[in-house]
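>>> Below are the sequence and a predicted model; questions follow.
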Protein chains: 4
Amino acid sequence: MFFRTDLALERRDIYKKANKLEEEIPGVLCEVETKEENKITRVEITSQEGEEALNKKIGNYITIDVKKINNITEKEFENISNLISDEIEKIIDKHISKQDDILVVGLGNLYSTPDSLGSKVVKKIEITRHIKKYLPQYIDKNARTVSAISPGVLGTTGIETLEFVKGIVDTIKPKLVLVIDSLCSRSINRISKSIQLSDTGIVPGGGVGNARLELTKSTLGIPVIALGIPTVVDVATITEDGIELWIEKLKEKGNKDVEVLREDNKYELIREALLPTELNFIVTPKEIDSLIDSMTEVLATSINNAM
Amino acid sequence: MFFRTDLALERRDIYKKANKLEEEIPGVLCEVETKEENKITRVEITSQEGEEALNKKIGNYITIDVKKINNITEKEFENISNLISDEIEKIIDKHISKQDDILVVGLGNLYSTPDSLGSKVVKKIEITRHIKKYLPQYIDKNARTVSAISPGVLGTTGIETLEFVKGIVDTIKPKLVLVIDSLCSRSINRISKSIQLSDTGIVPGGGVGNARLELTKSTLGIPVIALGIPTVVDVATITEDGIELWIEKLKEKGNKDVEVLREDNKYELIREALLPTELNFIVTPKEIDSLIDSMTEVLATSINNAM
Amino acid sequence: MFFRTDLALERRDIYKKANKLEEEIPGVLCEVETKEENKITRVEITSQEGEEALNKKIGNYITIDVKKINNITEKEFENISNLISDEIEKIIDKHISKQDDILVVGLGNLYSTPDSLGSKVVKKIEITRHIKKYLPQYIDKNARTVSAISPGVLGTTGIETLEFVKGIVDTIKPKLVLVIDSLCSRSINRISKSIQLSDTGIVPGGGVGNARLELTKSTLGIPVIALGIPTVVDVATITEDGIELWIEKLKEKGNKDVEVLREDNKYELIREALLPTELNFIVTPKEIDSLIDSMTEVLATSINNAM
Amino acid sequence: MFFRTDLALERRDIYKKANKLEEEIPGVLCEVETKEENKITRVEITSQEGEEALNKKIGNYITIDVKKINNITEKEFENISNLISDEIEKIIDKHISKQDDILVVGLGNLYSTPDSLGSKVVKKIEITRHIKKYLPQYIDKNARTVSAISPGVLGTTGIETLEFVKGIVDTIKPKLVLVIDSLCSRSINRISKSIQLSDTGIVPGGGVGNARLELTKSTLGIPVIALGIPTVVDVATITEDGIELWIEKLKEKGNKDVEVLREDNKYELIREALLPTELNFIVTPKEIDSLIDSMTEVLATSINNAM
């Protein structure tokens, strides 16, 4: 099953729907919590069965859904960033102690707006590793240090993200890696509005059929926390959603024949239909520049507060 | 009839299909010419009847369709820019003499990538108006002079594009305005690949239901040539195309009931279905940054050669 | 007398020193006020005699000198922007009523960092003119409206700044223009640290021997408030300062012959010496990018608060 | 002796002048060649004596002086980039074979214009390492592969440049590193006009009193070629040059007492005089943005042709 989304909670929904499951997927736990206007969904994959069902590693996937992330008041900004910050802090504390050093890794391509989130967040992270070394008087000697890199993308460096990060991790020896990345979601509605945090690492480009070597504890030797927000969606999934809504509409209007159109593998059929015409696109909203700016502010503030 | 596209040739296709016309639309002429890999379509609206059918003013609409605009060889770049340059030169010559001054106006928002084409092209236009004034020895005294502005968008200036351009035109008194803008197309396939040139002026934001006061001979008092390339498409049209392709696919597979789904106003039904779920988005391809760079190079080179 | 500075208070110092004046220059008033760490100097030119002495128009020149503008605390930021904001409000109130519309004009070249201050500030101005027109319910009907433009520079538009601004002013008819510009100062120490506000308009490029037509009440027909901060200084003035300091140092060390080096027109001699060797440069500090960001934040915040 | 310049040929001049040497410095060889309008100076440091005199490592320092690098014709661009390309090729061939892989390292801070040269060049390097791995059919199997990184600066990553590069070198194991950096020169005339190539590695920040751990064969284990162009100069050296010129001018005018002002350690005296007044600045020309663009084009073209 190929999900076209990096979000664990979307994968769970798709899997349940596709398999007409009423109860929970074996090996998957899910809890939802509402805080003011925002919703936190905690999906935990607990066994290999859950791992295979969702094609995601065993571990925790926390998604914070917000109403919107741009054109918000200072108060809303604070609420959202506090929510994220708390979750980051908790998930880090599960894996390392308060003194342990962290390397922040911003994935993606600075020069491609929808893929620039990681690099832009890294630019705003408060770095302390060099202060501890050169100006130790300005920093609590037991405090954790933070460093940060933007490895860029294979096409402009010629170096796999894993090779790049591993080279730095082996040299500077942090105790945990926090990876920031743009995600792909199943629904255009989630773009810029769902913040996913997980402790299972990341497969760069994983959601859009372009997987590279994974950044995980097994490849890097230290825990890898991943933080991301959807910025793109593929046209075939948009079309599928549109068809679904349109069929509903036709049914409401009394068209009875329409049920015949519900096919199990509609996505593949649509994809097959779109492919020869090059409608096989990944798209992003027209307002992506200002959305990326807002996401950058929120994530950078949340990370700086958490560390 | 609401077309969701700025391209006259797409409107013609939609109108003919919607009205099941075999012959040409009354008041519309259309000619197609193929030059190597590229195709030039000349739509001329000759009467009010044609104007009403396509909701476009009487005049000429030339569309150059190219295979692609980025990652091309120098030779392909030259071919494409020569094609465009020739058409620009011809259309300008229809309206003014070789000595008459031109003002280039780049519409759009520099800080929103899919909408930044006009501003970026303007930055690369070879300006001569000030040279004629301050260094006349460096310029043929009979040569036309060129000036250029980027008025920005209403949201960041508070000034209508028409007011802005009219203010400058009334002050510096050029003989023709050449407007550059990002367009909206009906099909995601045309993004970055269809260059439309017309001599009927422009309605900023016209294609996406956000019309401002028009830039035309009747508002500015001088001929207005418009040059643009699609950079965005709306999700409802993508979905409609996808549904159309999917119905074809179902028919190929022997599903006979499917014909019942063909409804005249599918677009409106889809739009209605998408609206409440906020799927009512304008989108752009993930690669828009590099596409805009390529479009900018091609248009700027073409314009500079033509003037 | 050619001052190589846009700051009235520097010109006053230079003039007094050059003319060995103990008392005030006839036709010039000067008051200094200290607020916490910051200093406000109010130079008023009251007569033609003062105008000729300083080669600046009759009117008010307020300079706020701050310790620094980047890497400051939130509190310091607030203090500085409140100071500026108060002065802007007072100077505007002298010329127009609370309901009168304002056009903000950001001069300079967005693509040349030391000259990009005006364009960058304009991007952050809160624009209300279009809201009053399209969404009047969201705005007090007696409130002033604000619009804003960045005309760019002659080399990239072919249009004089005055022609450009006059075209817009004649069309949208604001009651006052607030011009933002990068300035040239006499001393590299003042770069990013002296905010000058005046009600006499501006001569774009005036400070660096590159004058264009002035933006003043006499050319635009409405009051012109100018707000600027030095971002560049010319090498000959740096050298002159250096020589002055070095002569002092030599004297301290007992070198008596050194007084002979004090020449009235040292600047011209230095300039003459530097010219053939192309040392005739305008320079800016290496850190100009981050300084411009800080100046932009401070000015945009101050202007938005004042209006 | 502290030189305030990264250019070996300037250090040689300063050393000779300071020590009133007529003949060559022991342990240093120097050859000058003129090609059309451009000049190539080859300084070779051959012994520890030369190393100590110039405070530069034993090895080759080739400087190509050009008339200018921006606003040049295509022909001039080609001449300059061919000159640089040939020298790069020769110096690489001295150290590795034609099949050996190269890592290009662009030093500096992308967000600080005068320091952004390295990062900007890297963005334009033609990368082949990933092609060899994923699309070997598109590349000659004996061809060298190229990869490239921009490590950023200590203040934004918390990681020393040496640690960063060493981490990558140890992981991907290239046979040679080509480092690109902005340099500091003694004279503002050389900014953007002197291209220095050396085979002795680099000390980031070396020229401006801000040395980090060196990138050399002894730290990285493979040859390190360095390529750079001056983009900044410090105010004290500008002032010193200005004083020198001014003294000449005074002498021409018949002032005999002036010779007394020639002091051996004028630089230190000036620096001491400037320091308390914070005139201790590093500056860059006002036009630095467009100069950096031109330098980037020339270096990227030269490197791509050489490899």
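Good, I have the coordinates.
>>> Poorly predicted segments of the stretch 101-250 of chain A, please.
For the stretch 101-250 of chain A, the stretches flagged by pLDDT under 70 are A:204-212.
>>> So for chain A, the centremost residue is which one?
A:G228 (3.2 Å; C-alpha atoms, centre = their mean).
>>> What are the buried residues along the one helix or strand A:E248 maps to?
Per DSSP states H and E, A:E248 falls inside helix A:235-252. In terms of neighbour count (16 or more other C-beta atoms under 10 Å in any protein chain shown), helix A:235-252 has its buried residues at A:235-243, A:245-247, A:249-250. Using the backbone N, CA and C atoms, a C-beta is placed for each residue, glycine as well.
>>> and it, how far out from the chain's middle?
Relative to the centre of its chain, helix A:235-252 is centred 25 Å away, using C-alpha atoms, centre = their mean, to the nearest Å.
>>> Please name every helix or strand in contact with that helix.
Secondary structure elements in contact with helix A:235-252, counted by 3 or more C-beta pairs under 8 Å, 6 or more residues apart in numbering or on different chains; DSSP states H and E, are helix A:266-274, strand A:282-285, helix B:235-252, helix B:266-274.
>>> how does it look with 10 Å?
Judged by 3 or more C-beta pairs under 10 Å, 6 or more residues apart in numbering or on different chains; DSSP states H and E, the packing partners of helix A:235-252 are helix A:266-274, strand A:282-285, helix B:235-252, helix B:266-274, strand B:282-285.
>>> where along the stretch 51-200 of chain A do the helices fall?
For the stretch 51-200 of chain A, the helices defined by DSSP state H, counting those that start in this stretch cover A:74-95, A:117-123, A:129-134, A:154-157, A:161-172.
>>> Contacts for the shortest one next, please.
What it means is helix A:154-157. Contact with helix A:154-157 is made by A:109-112, A:151, A:160-161, A:163-164, A:204-205, A:210, A:212, D:103-104, D:122-125, D:127, D:129-131, D:133-134, D:147-150, D:168, D:172, as judged by C-beta atoms under 10 Å, 6 or more residues apart in numbering or on different chains.
>>> again, 7 Å this time
Here helix A:154-157 makes contact (C-beta atoms under 7 Å, 6 or more residues apart in numbering or on different chains) with A:151, A:160, A:164, A:212, D:123, D:127, D:130, D:147-149.
>>> Could you give the separation of that helix from the chain centroid?
Relative to its chain's centre, helix A:154-157 lies at 22 Å (C-alpha atoms, centre = their mean).
>>> what does the stretch 51-200 of chain A put close to chain B?
Residues of the stretch 51-200 of chain A lying close to chain B by C-beta under 7 Å from any C-beta of the partner chain are A:111-114, A:188-189.
>>> Count the neighbours of A:E31 for me.
By other C-beta atoms under 10 Å in any protein chain shown, the residues close to A:E31 number 10.
>>> Tell me if I am right that it is in a strand.
Yes. Counting by DSSP: H, G, I helix; E, B strand; the rest coil, A:E31 is found in a strand.
>>> For it, which non-adjacent residue is spatially closest?
A:R42 (4.6 Å; C-beta to C-beta, 6 or more residues apart in numbering or on different chains).
>>> The one you found in helix, strand or coil?
What three-state DSSP gives for A:R42 is strand.
>>> before we move on, the earlier item: wait, which of the buried residues of helix A:235-252 is closest to A:R11?
Using C-beta to C-beta, A:T237 comes nearest to A:R11 of these, at 12.5 Å.
>>> Can you give me the neighbour number for the residue nearest to the closest one when sequence neighbours are not counted?
Leaving aside its chain neighbours, A:T237 sits nearest to A:R4 (5.1 Å; criterion: C-beta to C-beta, 6+ apart). By the measure other C-beta under 10 Å, the count of residues near A:R4 is 21.
>>> Can you give me the buried ones in stretch A:141-158?
Those would be A:144-154, A:156-158, for stretch A:141-158 by 16+ other C-beta under 10 Å.
>>> In JSON lines, list these along with distance to D:E51.
Shown next, in JSON lines, are the buried residues of stretch A:141-158 (distance: C-beta to C-beta, whole Å):
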{"residue": "A:R144", "distance to D:E51": "42"}
{"residue": "A:T145", "distance to D:E51": "36"}
{"residue": "A:V146", "distance to D:E51": "39"}
{"residue": "A:S147", "distance to D:E51": "34"}
{"residue": "A:A148", "distance to D:E51": "37"}
{"residue": "A:I149", "distance to D:E51": "34"}
{"residue": "A:S150", "distance to D:E51": "37"}
{"residue": "A:P151", "distance to D:E51": "36"}
{"residue": "A:G152", "distance to D:E51": "36"}
{"residue": "A:V153", "distance to D:E51": "41"}
{"residue": "A:L154", "distance to D:E51": "40"}
{"residue": "A:T156", "distance to D:E51": "37"}
{"residue": "A:T157", "distance to D:E51": "34"}
{"residue": "A:G158", "distance to D:E51": "35"}
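>>> and A:E126, how far is that from chain C?
Using C-beta to the nearest C-beta, to the nearest Å, A:E126 is found at 13 Å from chain C.
>>> which residues sit in contact with that residue?
Taking C-beta under 7 Å, 6+ apart, we find A:E126 in contact with A:146, A:304.
>>> still on that earlier bit, verify the contact between the residue nearest to the centre of chain A and A:L183 for me.
Yes. A:G228 is in contact with A:L183 according to C-beta atoms under 7 Å; the separation is 4.2 Å.
>>> any common contacting residues for the two?
A:6, A:196.
>>> Show me what from the stretch 1-150 of chain A comes close to chain D.
Counting by C-beta under 7 Å from any C-beta, the stretch 1-150 of chain A sits next to chain D at A:123, A:127-130, A:145-149.
>>> wait, which of those is closest to D:M295?
A:K123 (23.3 Å).
>>> Please name the spatially closest residue to that closest one (chain neighbours excluded).
Counting by C-beta to C-beta, 6+ apart, the residue nearest A:K123 is D:T156, at 6.7 Å.
>>> do A:T34 as well
Nearest residue to A:T34, sequence neighbours excluded (C-beta to C-beta, 6+ apart): A:I40, at 7.7 Å.
>>> beta partners for the one you found?
Assessed by DSSP bridges, A:I40 has beta-bridge partners A:E33, A:I64.
>>> hang on, isn't it packed against A:Y61?
No. Checked against C-beta under 7 Å, the pair A:I40 and A:Y61 is beyond contact range at 11.2 Å.
>>> More neighbours: which of the two?
A:Y61 (26 against 19).
>>> May I have the predicted confidence score for the residue lying closest to that one once chain neighbours are set aside?
Closest residue in space to A:Y61, ignoring its immediate chain neighbours: A:A8 at 3.5 Å, by C-beta to C-beta, 6+ apart. On pLDDT, A:A8 comes in at 95.
>>> Let me see the contact set for A:A8.
Counting by C-beta under 7 Å, 6+ apart, A:A8 touches A:43, A:54, A:56, A:61.
>>> How confident was the prediction at the second one?
A:L54 carries a pLDDT value of 92.
>>> now it: how far from chain D?
For A:L54 relative to chain D (C-beta to the nearest C-beta), the value is 28 Å.
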